[in-house]
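Undergrad: Got a predicted structure plus its sequence, pasted below:
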Amino acid sequence: MKQYKIIVEKHPDGYVAYPLGIKGVVVGEGDTYEEALADIKSAIKFHLETFGKKALEIEPAVLEAFIAETRI
């Protein structure tokens with residue numbers, strides 16, 4: 001089993017989740033944080049079944065993720 005870093009965003013109409021470092025577009029959503037996490041797990045499994053293990057290889061590995069804000 002491999003671990004992935006997942007970003008979960010809260011929006012007015014629900015939650016959106018996506019993994020860092022996976023090749024291609026993989027997105028999950030839900031009305032709750034837990035539903036979005038469950039959906040992204042399912043989406044990652046589907047992505048693996050469709051595109052094979054090479055699509056899930058993270059090169060280079062994401063060591064940390066940061067959220068920052070700036071004004072322009």
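TA: Structure's in. What do you need? Numbers count the residues shown, from 1 in each chain.
Undergrad: Contacts for stretch 26-41 next, please.
TA: 6, 8, 10, 14-19, 42-44, 47 (Cβ atoms under 8 Å, 6 or more residues apart in numbering). C-betas here are computed from N, CA, C, even on glycine.
Undergrad: If you could redo that for stretch 3-17, that was the one I meant.
TA: Identification of contacts with stretch 3-17 by Cβ under 8 Å, 6+ apart yields 18-22, 27-33, 35-37, 39-40, 44, 56, 58, 62, 65.
Undergrad: can you do 7 Å?
TA: Stretch 3-17 has contacts (Cβ atoms under 7 Å, 6 or more residues apart in numbering) with 18-20, 22, 27-33, 36-37, 39-40, 44, 62, 65.
Undergrad: could you give the mean pLDDT of that stretch?
TA: For stretch 3-17, the mean per-residue pLDDT is 93.
Undergrad: and the gap between Gln3 and Arg71?
TA: According to Cβ to Cβ, to the nearest Å, Gln3 and Arg71 sit 34 Å apart.
Undergrad: nope, Glu49 is what I was after
TA: Taking Cβ to Cβ as the measure, Glu49 and Arg71 are separated by 43 Å.
Undergrad: neighbour count winner among the two?
TA: Using other Cβ atoms under 10 Å, the more surrounded residue of Glu49 and Arg71 is Glu49, with 8 against 3.
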